[in-house]
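In: Provide a 3D model corresponding to the input given below.
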Amino acid sequence: MILNKKKTVSAIVLATSVVVASFSGLAVKADDTEVTTNWTREQVSKIELNQDNTLPYTDISELEKFTPDHHVWDSWPLTDRDGNIASIKGWKVLFALSAPNDVLPGKVHDIATIRYFYSKNGKDWTLGGTLFPEGASLGSREWAGSAMTDDGKIHAFYTATGHRGEAPLTFEQRLAMATGDIIADSNGVRFENWGDHKVILEPDGNYYQTKEQAQQGEGGGYAFRDPMWFKDPITEKEYILFEGNSGGAVGDRTFKQEYAGSSKYASENPVPAGAVHANGNIGIAEVVDGDPSNLKMLAPLMEANYVNEELERPHIIVKDKKYYLFTDTHINKYAEGLQGPEGLYGFVSDTLIGGYEPLNESGLVLANPPENPYQAYSWLVLPNLNVVGFAHFGDLGDMSIGDVGNQSPEFQFSHFGGTLPPTVKLSIKGDTTKIVKEFSPGWIK
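Out: Reported below is the predicted structural model:
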């Protein structure tokens, strides 16, 4: 149930520590027309949970498994080239990362495979199978991406993680794609005649951190993943958005006042030294000559240096000629001295490149309830403003997500969702958002 009267549930405020002395550094830009927006510490300090952005409690133990034999998590629909949810002879298609249901929750990412589902009504789904033939994709496992259809073809974008046949597992990430035929009839949907899989983008070390740079003392993770198709309805130019980290090694990183926010805020809120390890960004590449495999790398749309190390699954919705940029992040990905919930975050601009301001002042669009802080994650805002995600961990009490792997397998399985949670509907008015309705799990129509 969504309550109508707005009331603050909790406030998440900035904590401070020692000062990082250097405020020098050059602005990040590809050229004079491409300027990167900073998500600042000051903006994050304004995060508060209230009835407009807090999800209703979900009892994960009562959710029906999306498919009985597999865990599923990150999901995305098949769209047309313009970004609308596609209908293939009346069928809608949904993709999701998956792993067998006897795999411990903490190990699913090590064997992730993309599976697809089809539906006539956009809420009752039938498992179609794996997206790609066995052994066809690049990498040792498939991580999240997107898919669009054009002229009877599917262009499937995904994250190729590691290298096929490797042991032990590595975490190098590249953006990859393959094109195949879509076959649809009264019995459902299938994909055939796949072409060669191609790596379409890798980090350059300047705008986007490489694995080798991340290994030079970086305290957090490394990311170059989550390719998301986007066609600008105003300019008709086409792009791929993705998650990355700001280029360079941590030893070369210097603090800039614009990472903090206003000069007043910066002077009153010293930055902990450990915040240097947060360097998440949202990347963008332009499609050249209409060929989705030919990309021109651009400067990041957004950076969260000294703020957050992981801005996952970035995507854009255009509404009322404004660009709404969304991303997901975790509780434990904030820089030292900052706090924020597992949540969907958003920003708005009058232009695709530059000028983004946080929605709701802080960026927070929706968050899990405080009593169940890990119940869902990996949210994706659809063109109709329905928001899908996946059910993560429920009813952990005082445990953090890092404690779960130390528990018995029985405990882990009983508290893990591995399925889709209720879909929610957003209302967006200018620079403010509100959760207005809840639907059954898997509802995308």
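In: Near Gly221, how many other residues are there?
Out: Other residues lying near Gly221 total 13 when counted by other CB atoms under 10 Å. C-beta: built from backbone N, CA, C; applies to glycine.
In: what separates it from Ala278, distance-wise?
Out: Separation of Gly221 from Ala278 (CB to CB, to the nearest Å): 11 Å.
In: what touches both of the two?
Out: Here Gly221 and Ala278 have Glu309 as joint contacts, going by CB atoms under 8 Å, 6 or more residues apart in numbering.
In: For the stretch 101-250 of the chain, which segments are assigned as helices?
Out: Using DSSP state H, counting those that start in this stretch, the helices found in the stretch 101-250 of the chain span residues 211-214.
In: where are the low-confidence patches of it?
Out: 220 (pLDDT under 70).
In: ranges for the helices of the stretch 251-400 of the chain?
Out: 257-260, 263-268.
In: who touches the shortest one?
Out: Identification of contacts with helix 257-260 by CB under 8 Å, 6+ apart yields 23, 27, 38, 40-42, 263, 266, 269, 271, 305-307.
In: ok, so of these, who is nearest Ala96?
Out: Distance to Ala96, by CB to CB, is smallest for Val307 among the contacts of helix 257-260, at 29.5 Å.
In: circling back to that earlier point, CSV for the helices of the stretch 251-400 of the chain, including mean pLDDT and mean neighbour count?
Out: Formatted as CSV, those follow (pLDDT from 0 to 100; neighbours: other CB atoms under 10 Å):
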stretch, mean pLDDT, mean neighbour count
helix 257-260, 96, 21
helix 263-268, 95, 14
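In: looking at this, Glu410 is in a helix?
Out: Yes. Assessed with DSSP: H, G, I helix; E, B strand; the rest coil, Glu410 lies in a helix.
In: Could you number the chain from 54 rather than 1 from now on?
Out: With the count now opening at 54, the last piece we talked about shows up as Glu463.
In: burial of it, as a residue count?
Out: Neighbour tally, Glu463, other CB under 10 Å: 8.
In: now the one 10 residues further on
Out: Applying other CB under 10 Å, we find 27 residues neighbouring Leu473.
In: can you pull the pLDDT of the one residue sitting closest to the centre of the chain?
Out: Ranked by distance to the mean C-alpha position of the chain (CA atoms, centre = their mean), the top residue is Arg366 at 2.0 Å. Note on Arg366: pLDDT of 99.
In: leaving aside the residues next to it on the chain, what's closest to it?
Out: Closest residue to Arg366 apart from its sequence neighbours, by CB to CB, 6 or more residues apart in numbering: Asp279 at 4.8 Å.
In: ok, that neighbour - contacts?
Out: Asp279 neighbours (CB under 8 Å, 6+ apart): Trp196, Ala197, Gly198, Thr212, Leu294, Phe295, Glu296, Glu365, Arg366, Pro367.
In: what sits against the third one?
Out: Gly198 sits next to Trp129, Ile167, Ala209, Phe210, Tyr211, Thr212, Leu228, Asp279, Pro280, Met281 when contact means CB under 8 Å, 6+ apart.
In: mind listing what's buried in the longest strand along the chain?
Out: Assignment by DSSP state E gives strand 226-238 as the longest strand of the chain. Buried residues in strand 226-238, counted by 16 or more other CB atoms under 10 Å: Gln226, Arg227, Leu228, Ala229, Met230, Ala231, Thr232, Gly233, Ile235, Ala237.
In: ok, that strand: who's next to it in the sheet?
Out: strand 206-214 (antiparallel), strand 241-245 (antiparallel), strand 251-254 (antiparallel) (DSSP bridges).
In: just how off-centre is stretch 251-259 within its chain?
Out: Chain-centre distance of stretch 251-259: 18 Å, with CA atoms, centre = their mean, to the nearest Å.
In: Alpha carbons of it, in PDB - could you do that?
Out: Extracted C-alpha coordinates of stretch 251-259, given in PDB (Å, rounded to 0.1, in the frame of the first residue of the first chain):
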ATOM      1  CA  LYS A 251      31.800  -9.000 -31.100                       C
ATOM      2  CA  VAL A 252      33.400  -6.900 -28.400                       C
ATOM      3  CA  ILE A 253      32.100  -3.400 -29.200                       C
ATOM      4  CA  LEU A 254      33.700  -1.400 -26.500                       C
ATOM      5  CA  GLU A 255      36.500  -1.700 -23.900                       C
ATOM      6  CA  PRO A 256      37.700   0.900 -21.300                       C
ATOM      7  CA  ASP A 257      40.300   3.400 -22.600                       C
ATOM      8  CA  GLY A 258      42.100   4.200 -19.300                       C
ATOM      9  CA  ASN A 259      41.400   7.900 -19.700                       C
END
